[in-house]
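>>> Pasting a predicted model and its sequence here:
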Amino acid sequence: MLLSTWTQWLKENRGFVVFMLCFGVYRTAVADWNPIPSGSMRPTILEGDVVFVDRLAYDVKLPLTDISVARLGEPQRGDVVTFSSPVDGTRLIKRLVAVPGDVVEVRHGVLLINGVAAEYSDTTELAEHVAEGVVLPAHRSTEHVAGSSRTVQFLSGVGAQRSFGPVTVPADHFFMLGDNRDNSEDSRYIGFVPRHLLIGQANRILVSADITDRWQPRFERMVSRIR
């Protein structure tokens, strides 16, 4: 009786079942969208942004696994990527700053790649809201290093790891940093990220809402490219 009822339900809803299967394969193997819950990538990505993730940027993987069946592209310095933490499997989003063979160092907040220090320009001062009722002085600068540029943020009065390394990135691994350098759990804490844990490249903000102001839409951020 139960089997016949289940069979009848499948016949009546086969279009929906096929759609859901295709949708599941699409999200787990082709493309995905990722809500941002934390401020580790500020000011590039904000809490309340939903980013589009290209799962085919680097590898074709079997759905629901980390098994790559084909390499489609090589991760580049400056890419914003989603990946599973090598520590506990949590999905994270960070800036890829060093590739295999690179020597990476952070010296008093300054990033060095292969012994060449980043240059910083267009510095601005601001007050940054970091938690309910907590505002800290901060400054933002455009960081230029190893052929890529991005805006990074530093917070005053935070016990962050301002110096690290030097370390050499091993084969098939990558070094990640958050753009919000003093408020990011990245490779300074979780170590190198192996390639098989990369999920995809985040290249666009789909929608955005201000979670601190009654989820008001941030129209100026919608469908904007991540740089």
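Thanks, I have the structure now.
>>> what comes up buried for stretch 99-111?
By 16 or more other Cβ atoms under 10 Å, the buried positions in stretch 99-111 come out as 99-100, 102-106, 111. Glycine gets a C-beta too; all of them are placed from N, C-alpha and C.
>>> Out of those residues, which comes closest to residue 176?
Using Cβ to Cβ, residue 104 is the member of the buried residues of stretch 99-111 that lies nearest residue 176, at 10.3 Å.
>>> That closest one and residue 113 touch, don't they?
Yes: Residue 104 is within contact range of residue 113, at 5.9 Å (criterion: Cβ atoms under 8 Å).
>>> Common neighbours of those two, please.
Contact criterion Cβ atoms under 8 Å, 6 or more residues apart in numbering; residues shared by residue 104 and residue 113: 97-98.
>>> Please report how far the residue nearest the centre of the chain lies from residue 34.
With distances taken as Cα atoms, centre = their mean, the chain has residue 93 as the residue nearest its mean C-alpha position (1.8 Å). Separation of residue 93 from residue 34 (Cβ to Cβ, to the nearest Å): 7 Å.
>>> C-terminal to the least confident helix or strand in the chain by mean pLDDT, what's the next element?
Sorting the helices and strands of the chain by mean pLDDT, DSSP states H and E puts helix 14-25 at the bottom, at a mean of 44. Next in sequence after helix 14-25, counting helices and strands by DSSP states H and E, comes strand 31-35.
>>> strands paired with that next one, and their directions?
If you go by DSSP bridges, strand 31-35 pairs up with strand 49-54 (antiparallel).
>>> The strand it pairs with - what's its average pLDDT?
Mean per-residue pLDDT for strand 49-54: 95.
>>> and it, how far out from the chain's middle?
A distance of 9 Å separates the centroid of the chain from that of strand 49-54, by Cα atoms, centre = their mean, to the nearest Å.
>>> Not counting stretch 218-227 itself, show me its contacts.
So stretch 218-227 is contacted by 44-46, 48-49, 51, 80, 150, 202-210 (Cβ under 8 Å, 6+ apart).
>>> Now do the buried residues in it.
Here stretch 218-227 shows 218, 221, 226 as buried, counting by 16+ other Cβ under 10 Å.
>>> Stretch 173-189 now?
By neighbour count on 16+ other Cβ under 10 Å, the buried set for stretch 173-189 is 173-188.
>>> since we're on residue 124, how many residues are nearby?
Other residues near residue 124 number 11, with proximity taken as other Cβ atoms under 10 Å.
>>> wait, residue 114
If we define neighbours as other Cβ under 10 Å, then residue 114 has 14 of them.
>>> Tell me who's in contact with it.
Under the criterion of Cβ under 8 Å, 6+ apart, the neighbours of residue 114 are 102-103, 146.
>>> Pull up the gap between it and residue 103, please.
Per Cβ to Cβ, residue 114 is found 5 Å from residue 103.
>>> which among the buried residues of stretch 218-227 gets closest to residue 73?
Among those, residue 226 lies closest to residue 73 (Cβ to Cβ), at 16.6 Å.
>>> Tell me where the protein has helices.
Secondary structure of the chain (DSSP state H): helices located at 2-12, 14-25, 187-190.
>>> Mind checking which of the contacts of residue 114 land in strands?
Counting by DSSP state E, the part of the contacts of residue 114 found in strands is residue 103.
>>> now the contacts of residue 114 in JSON lines, with pLDDT and distance to residue 74?
Formatted as JSON lines, the contacts of residue 114 follow (pLDDT from 0 to 100; distance: Cβ to Cβ, whole Å):
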{"residue": "102", "pLDDT": "98", "distance to residue 74": "13"}
{"residue": "103", "pLDDT": "98", "distance to residue 74": "19"}
{"residue": "146", "pLDDT": "93", "distance to residue 74": "15"}
